[in-house]
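Visitor: no sequence for this one, just the structure:
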């Protein structure tokens, strides 16, 4: 008998009808002879409605109370899914994050899971129940207050439970039927991938793919929990994310796909003294302000005045704070300037095949040249190449790279929408 | 410094605007130098909306999951009230029933409070917080499952917390500004009462007054917690319910008011053998079926055939079950019959003054006679007289009795609507 953890996003639970459809799928999995643990997000728009109410009573709502408020959403969807399951003739019990033993740090709104002690879940499974666990929430080990896990928290709950219960697979259901070689809204012949390694999925998630949240993939890799990305609207087997890139035979290593990201802005500091400690000072200031920077590039310094330029990208929402911080640092010094540009896009090619495939960077650059697109920054990792281009050129760049590396299929892909938290 | 427990019903919390108004009142109570614990019901229609969703996914929803679902409503209103309080510059923390130490029996949907261990509440008060506790819910001591307390559960939570914390008063807020001598929608000159004893309030609640749930008054009397019934829409001091009837000096004992009830039906079993054990057999059968019967009347038996008639009232919703049960019991015996009548109303006069006021029953009957209203049944307790009349005559009967005992004031009362759970 296998133990399967299934996670359903808000778009899969947006109505009573959808909840019944999901329940039917869960019961079928149970009747096929498996133990089943289900993690549910809040229904459709519930979270937005609660956020809106909070704004109305307090424009700066306290984080502890925000967590108390938002966790009601998962409680509702979980209880409803449990009820629907019972109407299909199986036994179900729902559990809050706290009841399921999801212990977290204290940080309200963005807590981290410290430990999962699923004793009650194990007991309920042994009694023949399907267990429904509220995603996105846990309990602070120290103060016993309710916490939430931040964006993608329900995925993380599912993976953490799968790890703690030593599940055979963690299935992540949304309205998308797998991981594609590119966003099908941009690239019509994008193909669904059958399988990819944790490292490849991590690079795709870090490069803008929204299908799985980075944190949940990191967790799955750390505990070696196979993930299956599936749609709750179809019976497609989806995409399996498992195993290390190291274990893929060289001849089978391929390029996985092209990821795009329009959420970042580019910040440049001109005229930085080319002396030890200058860059450290800048990055320490940004880190202390909890700004997540990405794609750092420093050019060789000018032979004329011994200064250099440092450029990095940040989430657009953090752009103004980054600029303010750097302006304070340069303190009006002559020959220095802070430049800000949020009209950029990032395009990344990811795949384990890159290692055994010399010349990928050259072909990548040629694809953009042939499409008449200028590269503003470029960085690489072992299995990824990322370029910053003008935002208006991003879709063309994606199509050019996808075509150059022959990632497309024969048929047009199903277009998908966004996923839940 | 006083410790005040305040309970707000759903109608006081139906919108963000109302939540802010309630928060302002709470903060004013705190700033006046009191420790404050607040118990909130779910916002306006939340509970009905959740019940509706449950019906859609499972027409016979399991009770455990129903409790998990419904308790989300109080969680939402509590967190919002805490947020609103912080926006007025006071410190607040919200707690679930479980966090507040509300321990209950196992019976989902209608659990009883076994114990309240408010250690966390006490600590939070000591740190200067206003504590917001989710009403209507607790945690089953044995299985650690979430339970709900049934109708009026939030009132009971408030009273139980007030008892456990040894509070000075428990204020029950709704959209009604106190206990009236009669329903002002029926009797325009009904007066608000300043004060009444627990026993009088119990009799009123048992006789159809909806303002406080019987169980919460019983709890308040058992632990001697003074209750104040107030409106969240006004600054009226409301009605104080406290002290025993025994402590009221005879010369101050008065008649409290007239209560009405249209929720019951009358059941009569004709031709019952007048022999020991016959009545017991009937009432045991009704009790085993968990039918709450009221106003039992048995006439002297007929000298002709040695049989008697037994009549009682039951909630109309239980009427068909009661009839079915009695039909089974009589088993077609000759000379017996079951009669059912749901076109009745109950009118009750309540007050400690009755004890020192001879002839009340006579005046009560005369008032109905003068209004040309027939009495179908009559029962009395030490401080209450109740008559069953035709439902169509109930309002006239109420006005006649109210006038006969001069309970009216000089002004017309403010008309009120229903109260929350």
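Guide: Nice, thanks for sending it over. These numbers were taken from a predicted model, which means no experiment stands behind them.

Visitor: Remind me which helix or strand the closest residue to residue A:29 other than its chain neighbours belongs to.
Guide: Using CB to CB, 6 or more residues apart in numbering or on different chains and skipping residues adjacent in sequence, the residue nearest residue A:29 is residue A:36, 5.2 Å away. Bear in mind the C-beta positions are built from the backbone N, C-alpha and C, glycine included. Applying DSSP states H and E as the criterion places residue A:36 in strand A:35-40.

Visitor: rewinding a little: OK, contacts around the residue nearest to residue A:29?
Guide: Contact analysis of residue A:36 by CB atoms under 8 Å, 6 or more residues apart in numbering or on different chains lists A:3, A:4, A:5, A:6, A:26, A:29, A:30, A:130, A:131.

Visitor: Try it again at 6 Å.
Guide: A:4, A:26, A:29, A:30, A:130 (CB atoms under 6 Å, 6 or more residues apart in numbering or on different chains).

Visitor: separation between it and residue A:43?
Guide: According to CB to CB, to the nearest Å, residue A:36 stands 20 Å off from residue A:43.

Visitor: Then residue A:73?
Guide: Relative to residue A:43, residue A:73 is positioned 7 Å away (criterion: CB to CB).

Visitor: repeat for residue A:61
Guide: The spacing between residue A:61 and residue A:43, counted by CB to CB, is 21 Å.

Visitor: Where does pLDDT dip in chain A?
Guide: Counting by pLDDT under 70, chain A shows low-confidence ranges at A:411-421.

Visitor: Residue most distant from the centroid, it?
Guide: residue A:304 (44.0 Å; CA atoms, centre = their mean).

Visitor: so what's the backbone phi/psi at it?
Guide: Backbone torsions for residue A:304, taken as degrees, to the nearest 10, come to phi -70, psi -50.

Visitor: again, but for the one 4 residues further on
Guide: The phi and psi values for residue A:308, taken as degrees, to the nearest 10, are phi -140, psi 170.

Visitor: Enumerate the residues of chain A near chain B.
Guide: When proximity is defined by CB under 6 Å from any CB of the partner chain, chain A lies next to chain B at A:16, A:19-20, A:54, A:56-58, A:61-62, A:65, A:68-69, A:72, A:75-76, A:79-80, A:82-84, A:86-87, A:94.

Visitor: Among the residues you listed, which ones are in strands?
Guide: Applying DSSP state E to the residues of chain A next to chain B, the entries found in strands are residue A:94.

Visitor: Filter the residues of chain A next to chain B down to just the buried residues.
Guide: By neighbour count, with 16 or more other CB atoms under 10 Å in any protein chain shown, the residues of chain A next to chain B hold A:16, A:19-20, A:54, A:56-58, A:61-62, A:65, A:68-69, A:72, A:75-76, A:79-80, A:82-84, A:86-87, A:94 as buried.

Visitor: which residues sit against stretch A:162-180?
Guide: Residues outside stretch A:162-180 that contact it (CB under 6 Å, 6+ apart): A:2-9, A:11-12, A:116, A:118, A:155, A:158-159, A:190, A:192-193, A:211, A:223, A:225-232, A:234, A:236, A:238-239, A:416-417, A:419.

Visitor: ok, of those residues, which come out buried?
Guide: Burial by neighbour count, judged by 16+ other CB under 10 Å, picks out A:4-9, A:11-12, A:116, A:118, A:155, A:158-159, A:190, A:192-193, A:211, A:225-232, A:238-239, A:416, A:419 from the contacts of stretch A:162-180.

Visitor: I'd like to know how far the residue farthest from the centre of chain A sits from residue A:271.
Guide: Distance, residue A:304 to residue A:271, using CB to CB: 11 Å.

Visitor: and if you look at residue A:401?
Guide: Counting by CB to CB, the gap from residue A:401 to residue A:271 is 34 Å.

Visitor: for residue A:405, same thing?
Guide: Distance from residue A:405 to residue A:271, by CB to CB: 39 Å.

Visitor: Between the two, point out the one with more neighbours.
Guide: The neighbour comparison of residue A:405 against residue A:271 (other CB atoms under 10 Å in any protein chain shown) goes to residue A:405, with 22 against 17.

Visitor: In this structure the more buried one contacts residue A:255, no?
Guide: Yes: judged on CB atoms under 6 Å, residue A:405 makes contact with residue A:255 at a distance of 5.2 Å.

Visitor: what touches both of these two?
Guide: Residues touching both residue A:405 and residue A:255 (CB under 6 Å, 6+ apart): none.

Visitor: Who has more neighbours out of residue A:73 and residue A:43?
Guide: Neighbour comparison, residue A:73 and residue A:43: the larger count goes to residue A:73, with 31 against 25 (by other CB under 10 Å).

Visitor: Would you agree that one is in contact with residue A:42?
Guide: Yes: using CB under 6 Å, residue A:73 is in contact with residue A:42, at 3.0 Å.

Visitor: Many thanks, I have nothing further to ask.
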